[in-house]
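In: fold the following for me, if possible:
(one chain, ligands or ions: 1)
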Amino acid sequence: MPSKKALVRRPSPRLADGLVTHIARQQVDVGLAVKQWEAYVAALRAHGWETIEVEPADDCPDSVFVEDTVVMFRNVALITRPGAAARRAETAGVEEAVASLGCSVNWIWDPGTLDGGDVLKVGDTVYVGRGGRTNAAGVQQLRAAFEPLGARVVAVPVSKVLHLKSAVTALPDGTVIGHIPRVDRPSLFPGFLSVPEESGAHVVLLGGGKLLMAASAPRTAELLSDLGHDVVTVDISEFEKLEGCVTCLSVRLRELYA
Ligand SMILES: NC(=O)NCCC[C@H](N)C(=O)O
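Out: Numbering: from 1, shown residues only. Below you'll find the predicted structure:
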C-alpha cells in the first residue's frame with residue numbers, strides 16, 4: 001500500500017521575522033499563525049494523512065515552510081540547499097526525519113541552490129523553477145538525482161514570484177493552474193488553466209479528488225468546484241504575509257512502502 005504520510009513543522013516563535021522578497025512586510029500574528037497551522041494539520045489528518053512533525057527549529061523563522069527543505073521522488077529524499085543562506089540550518093532536522101522514515105537520502109551541494117517550492121511534480125514530469133532561490137547548478141543536480149529514477153526534468157523560468165509553486169500547481173488530472181500575471185511562460189505547460197486569483201494557483205492534492213486551498217481564493221474555489229473538484233479551504237493569512245502558500249506547509253510522502 002502506498003503511504004499517506006506528510007511532514008509538517010511547528011511554526012517558530014520567531015515566525016514574524018521570516019523573509020519577504022516580493023511583497024511589503026506586514027505584521028504577523030504568531031499566536032494566530034499557530035492556530036492556523038494546527039487547523040491545516042487537522043485538515044490533512046481529516047483526509048487520511050498521518051502527519052509527522054519534524055523537530056521544531058525555533059531559531060529559524062521560516063522553518064514552518066518545510067516544503068523548501070526536501071524534494072521527494074519515489075522513496076528518494078533530496079535534501080535541498082536553500083537559496084536563502086538564512087534558511088540552510090533548517091535542513092538538518094528534515095534530513096533526520098526522512099532518514100528515520102527509511103527514505104534514501106541525497107543532497108544538493110554547493111554551488112547548487114534549490115528550494116523545494118521550486119519543484120512541481122506532475123506524474124513523472126518534474127518541473128523545476130529557475131528563479132531567485134534555485135540556480136542552474138541546483139537544476140543540474142536535481143536532474144542528476146531524479147532522471148536515473150525515471151523523472152523527466154523540465155526547467156522553467158520564474159521571475160515574478162518567489163517560487164515556481166507560488167505561480168503554478170497541478171490538479172489531480174495533471175492540468176497546471178496559475179494566475180497568468182504571475183506565470184512567466186504558461187505555454188511551457190501542456191494543459192494550462194488560468195485562475196482568477198494569485199493564491200488560487202496553489203492546491204494540495206489530498207487524494208480522492210479533494211483539493212486543499214487557501215481561503216483567500218474564493219473565486220478560484222468556485223471555478224474548481226464548478227469543474228467537479230472537491231475543494232477544502234483553510235485560512236493561512238499569517239503565512240501568506242510571508243509569501244507562504246498551502247503547498248509549502250507540508251511535504252507529502254506517497255511512495256514509501258514501509
Ligand atoms: N514553498 C514556499 O512557498 N515557501 C514559502 C517560503 C516563504 C519564506 N518567507 C521565504 O521567503 O523563504
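In: what about the residue in the stretch 1-150 of the chain that the ligand sits nearest to, how many residues close to it?
Out: Using Cβ to the nearest ligand atom, the single residue of the stretch 1-150 of the chain nearest to the ligand is residue 117, 2.4 Å away. C-beta: built from backbone N, CA, C; applies to glycine. Close neighbours of residue 117, defined as other Cβ atoms under 10 Å, add up to 30.
In: that one and residue 191: what is the separation?
Out: 22 Å (Cβ to Cβ, to the nearest Å).
In: if we can go back for a sec, doesn't the residue of the stretch 1-150 of the chain closest to the ligand belong to a helix?
Out: Yes: with DSSP: H, G, I helix; E, B strand; the rest coil as the criterion, residue 117 is assigned to a helix.
In: do you know how far the closest residue to it other than its chain neighbours is from the ligand?
Out: Spatial nearest neighbour of residue 117, chain neighbours left out: residue 163 (3.2 Å); criterion: Cβ to Cβ, 6 or more residues apart in numbering. Relative to the ligand, residue 163 is positioned 5 Å away (Cβ to the nearest ligand atom, to the nearest Å).
In: please apply the same query to residue 243.
Out: Separation of residue 243 from the ligand (Cβ to the nearest ligand atom) stands at 4 Å.
In: can you classify that residue as helix, strand or coil?
Out: Residue 243 ends up coil, using three-state DSSP.
In: contacting residues for it?
Out: Counting by Cβ atoms under 8 Å, 6 or more residues apart in numbering, residue 243 touches 19-23, 162, 166.
In: next one: it, what pLDDT does it get?
Out: Confidence at residue 243, expressed as pLDDT, is 97.
In: put the alpha carbons of the helix or strand encompassing residue 52 into CSV.
Out: Assessed by DSSP states H and E, residue 52 sits inside strand 50-53. Extracted as CSV, the C-alpha positions of strand 50-53 are listed here (Å, rounded to 0.1, in the frame of the first residue of the first chain):
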residue,chain,number,x,y,z
GLU,A,50,-0.6,10.6,9.0
THR,A,51,1.3,13.8,9.9
ILE,A,52,4.8,13.6,11.1
GLU,A,53,6.2,16.6,13.0
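In: that one pairs with which strands, and in what direction?
Out: The partner list of strand 50-53 in its sheet, established with DSSP bridges, is strand 5-8 (parallel).
In: so which residue of the stretch 151-258 of the chain comes closest to the ligand?
Out: residue 248 (3.1 Å).
In: quick check: that residue vs residue 226, distance?
Out: In this view, residue 248 and residue 226 are 27 Å apart by Cβ to Cβ.
In: who has more neighbours out of those two?
Out: Neighbour tally, residue 248 and residue 226, criterion other Cβ under 10 Å: the higher count belongs to residue 248, 26 against 8.
In: would you agree that one is in contact with residue 67?
Out: Yes: between residue 248 and residue 67 there is a contact at 4.2 Å, judged by Cβ atoms under 8 Å.
In: shared neighbours, those two?
Out: 116-117, 165.
In: now do the buried residues in the longest helix along the chain.
Out: Ordering each helix of the chain by length in residues (DSSP state H) puts helix 30-46 first. By 16 or more other Cβ atoms under 10 Å, the buried positions in helix 30-46 come out as 30, 33-34, 36-37, 40-41, 43-44.
In: looking at those residues, which is nearest residue 185?
Out: The closest of those to residue 185 turns out to be residue 40 (Cβ to Cβ; 30.5 Å).
In: list the contacts for that closest one?
Out: By Cβ under 8 Å, 6+ apart, residue 40 lies in contact with 8, 234, 236, 246, 249-250.
In: let me see the confidence value for it.
Out: Here the pLDDT value assigned to residue 40 is 98.
In: against residue 33, how distant is it?
Out: Distance, residue 40 to residue 33, using Cβ to Cβ: 10 Å.
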